[in-house]
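[1] got a predicted structure here, sequence first:
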Amino acid sequence: MAQETLPKSYEPAQVEERWYAYWEREGLFTADPAGKGPAYSIVIPPPNVTGQLHMGHALNNTMQDIMCRYKRMLGYEVLWMPGTDHAGIATQNVVERQLASEGKTRHDLGREAFIERVWEWRAEYGGKIINQLKRLGSSCDWSRERFTMDEGLSKAVREVFVRLYEEGLIYRGDYIINWCPRCHTALSDLESEHEEVKGGLYHIRYPFKNGKGYLVVATTRPETLLGDTAVAVNPDDPRYQELADDMVLLPLIGRELPIIRDSYVSTDFGTGALKITPAHDPNDFMIGQKHGLESLRVMDDNGTINQAGGPYAGLDRFEARKVMLADLEKQGLLEKQEDYLHSVGHCYRCKTMVEPILSKQWFVKVGPLAEEALGAVRDGRTKIVPAQWEKTYYEWMTNIRDWCVSRQIWWGHRIPAWFCSCGELIVSRTTPEKCPACGSSELTQETDVLDTWFSSALWPFSTMGWPDQTPELSKFYPTSCLVTGFDILFFWVARMMMMGLKFMGEVPFTDVYIHALVRDASGQKMSKSKGNVIDPLIVMDEFGTDAFRFTLAAFAAQGRDIKMSEERIAGYRNFVNKIWNAARFTLMNLGEDEPGQLPEEPTLEDRWILSRASRVAQEVGRAIEEYRFNEAASTAYQFVWHEFCDWYLELAKGPLYDDSDRKRQEATRAVLAEVYSRLLRLLHPFMPFVTEELWQRLPGSEGSIMKAPWPGDHDDQIDPQAEHDMGLVMEVIGAVRNIRGEMSISPGKVVPVVLSASDDGALEVLKAQAARIQSLAKTQELAWTKEGEQPAKSAGAALSEVNVFVPLEGLVDFSAEEARLEKELAKLDKEITPSRKKLTNQGFLAKAPEAVVAKEKAKVAAAEDKITRLKESLVRVQSFR
RNA sequence: AGGCACGUAGCUCAGGGGGAGAGCGCCACCCUGACACGGUGGAGGUCCCGGGUUCAAAUCCCGGCGUGCCUACCA
């Protein structure tokens, strides 16, 4: 019967590829908008086309895949919408780098040819990240794969832009924006990342025009003084109530600047006098507007001082700073400089220091949109998990500023706006033929493109065909859940909320699950420069995808970062192998035949394992639904390894190997097959590959495990009595094993065991299970004695309802046994002390709930009973010493 | 400057008002007919510190200390 059906250990490589191809071929990932099941939908956070699978993707997509596979097994019609993001700046950078290696710039090609080149790049490399997601096992509906630059999505972008413009929610104007001098584009506030930088605070003398001394101004960016158009002091500052003059001369340049008074200036920072550079600082811009000051831009798009900078024109901004400070020093105008730590914006793409510059840009007026988006979370239409992120979301949404959406790059959705020589601005869904104002056909389209996040914000509905009314939208919108990292809560989630509510009139998703970051083993953020990156693809090669996915799930506790190390993955690789070997055992014993029906009269271990399997499936299901992936994973792990493998398989060996009782043997096979089948299904969302492989080998299984039902519906098999009785048996076996271990009795030695029980029920159970106890504890035929009596010269254990004795004269070292008993007594005593104290506390007896008091009493009684019995044993042992 | 999280076994962390848990590591024994990527047994904790609430606090509240992270226009 026991023939070799599987190799001794699991080899993931071929298995994974084969089953993924099978799933795709069978169309098992495809969502049907006309499907009967209730809808469950997720849109993937689209990775950048330039992306390479990293730990963050792996975690994020593993979670989505767990949800989707689980829901499919429950009978939902599942749509997991995949795709990629055109990632404007990042992609443009990649292609520009490629050009640079050919000695060219994008300007050599010109706009159209460059864009052509990006598409070519995408055709060649854009599928990489998608294939890597497939490697992970992601069950996305690839037939619907989208790209943010696709025609359909572009149409959605234009529609949204035009409608927002028409409603006055998009405007164009001159404001201070964050400019990246390297990427040559404006950035939104979010794309400017603040970082602490060691700089200087420079105190510069601005001479009064009348020559009577000077006003000292403090600044961190002295080079911008070229653009100063005023100096401001606080009107209440006692130091500046009476000034020598109301005009100063701009150092190095000599331009006359008015001294203005504005309460914005703080009196307790620097010198209390503030230089005003409206074209290069947001606050100065505001003050400038208020006081009608001129805005003088002194830097060009490269961060180089322009013609307005006079003698400094042509110098790079950092060079200019150095030169100007030297000149100020020379002229005695640099009063002092001190080290100063402050946070400065950096481009989130290239880390270049961002320059605040006055510029004409397009903005989304987010106030009204944010209001709606705020409300939808407040009233629970969208739930953010874990809930602490809701606070962060509120915080940001309430203090939100208008969103600069124009970018001065070439790769992206070109803004659908045209300028006429007559000055008319036309915003339109389609390319206009002529100017509605003057009739001219000399129209030029805006050269700016939109922020990539503008199109991502539409993702949940643009991917489903909006603005058309599609079956996909009616079946799958709003989506059920969005799974993402907190780092794009504002960038993406918040904006999808705004756009979804605005254009669909409904939230884009009912749940948002925010997961943590994957770090290295010591808690450091993984980064190429630190060299501590663990590459998921290498990990999957080495340990198998299933082990990797399970590791991610097992460590994904809400609100805590995941510290990843190969050692940990190896641990779960062992688990996969354990499953493999449990299958090996199961399949060897099942043979070729389809397993029969579950027995009418199951044994205790059958009832127990069915009960446990039923409970565990429910617990795991509940945990998945509540995004407690770690609990789901560890519940499954615990059950499979420590209940099914450690106990059930061992117990089942008895009847399986006993050819004298064919009926029992068949019955056991049936239970084994059933529980094993459930266990595979239970694990499938976490470990899709190995479970499919084993499922296909299970006699009687039909089709893919993906379509098998989730094993959560077996309430009728939950059997507390069986669980209790089995507990008793386990306890006895444990006690014998403990005595063996502690007394150094060799594992091969078959020992005699004598049992007694105070309770008839317990006694009956143990007698019925004698054969199992005998085999798992390696004992001779069990002997029985009356409660209160014990065999001479034995080691003993006092269990809750049972006494266990191992009479082994010659093998038991009595002083060792004495020590063991004393240790046991001390442990019990320590354990029970808090309960004893409680029971002497009048307050406790009076105020604690009755059930709690009863429980404490029972606890103490049980412990004391054990103590009595142990002491009897102790006295006896001592008498032999 | 504000906000949020975290501090539990050697390590990594679950748990979250009434019996201190897991994985890995460690110690001992064992290649028992699924698995040495394994089995059996064992050792190991002032649940950061100090107050408070409560009959009862690792758990709730306040205050420290420490560690991360996020947001912010004070030059």
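    Here it is on my side, so go on. Computed from a predicted model, the values in this text were never measured in an experiment.

[2] next, give phi and psi for the residue positioned nearest the centre of chain A.
    Residue closest to the average C-alpha location in chain A (C-alpha atoms, centre = their mean): A:H515, at 2.7 Å. Torsion angles at A:H515 (phi, psi; degrees, to the nearest 10) stand at phi -110, psi 170.

[3] now A:E626
    The phi/psi pair for A:E626 (degrees, to the nearest 10) reads phi -100, psi 10.

[4] next one: A:A771
    Main-chain torsions, A:A771, degrees, to the nearest 10: phi -60, psi -40.

[5] on the pLDDT front, check it for me.
    A:A771 carries a pLDDT value of 92.

[6] so how many other residues sit close to it?
    By the criterion of other C-beta atoms under 10 Å, A:A771 has 14 neighbours. Backbone N, C-alpha and C define where each C-beta goes, glycine included.

[7] which residues sit in contact with it?
    When contacts are counted by C-beta atoms under 8 Å, 6 or more residues apart in numbering, A:A771 touches A:G654.

[8] what separates it from RNA strand B, distance-wise?
    A:A771 is 14 Å from RNA strand B, where distance means C-beta to the nearest atom of the strand, to the nearest Å.

[9] now do A:V95
    28 Å.

[10] ditto for A:L808
    If you go by C-beta to the nearest atom of the strand, the gap between A:L808 and RNA strand B works out to 16 Å.

[11] can you tell me the closest non-neighbouring residue to that residue?
    Closest residue to A:L808 apart from its sequence neighbours, by C-beta to C-beta, 6 or more residues apart in numbering: A:V751 at 6.0 Å.

[12] A:G810 belongs to a helix?
    No - going by DSSP: H, G, I helix; E, B strand; the rest coil, the assignment for A:G810 is coil, not a helix.

[13] what helices and strands are in contact with the one helix or strand A:G741 maps to?
    Assessed by DSSP states H and E, A:G741 sits inside helix A:720-742. For helix A:720-742, the packing partners by 3 or more C-beta pairs under 8 Å, 6 or more residues apart in numbering; DSSP states H and E come out as helix A:604-625, helix A:760-768, helix A:770-777, strand A:794-798, strand A:802-807, helix A:814-840.

[14] and the shortest one, what's buried?
    Buried residues in strand A:794-798, counted by 16 or more other C-beta atoms under 10 Å: A:794-798.

[15] one more: the first one?
    Residues of helix A:604-625 classed as buried: A:604-621, A:623-624 (neighbour count, 16+ other C-beta under 10 Å).

[16] now do it and helix A:770-777, the angle between them.
    60 degrees (axes from the mean of the first three to the mean of the last three C-alpha atoms, to 10 degrees).

[17] how close does the residue nearest to the centre of chain A sit to A:L133?
    Separation of A:H515 from A:L133 (C-beta to C-beta, to the nearest Å): 16 Å.

[18] for A:S41, same thing?
    On the measure of C-beta to C-beta, A:S41 and A:L133 end up 17 Å apart.

[19] neighbours of the closest residue to A:H684 other than its chain neighbours, just the number please.
    Spatial nearest neighbour of A:H684, chain neighbours left out: A:T691 (4.3 Å); criterion: C-beta to C-beta, 6+ apart. Number of residues near A:T691 (other C-beta under 10 Å) recorded here: 26.
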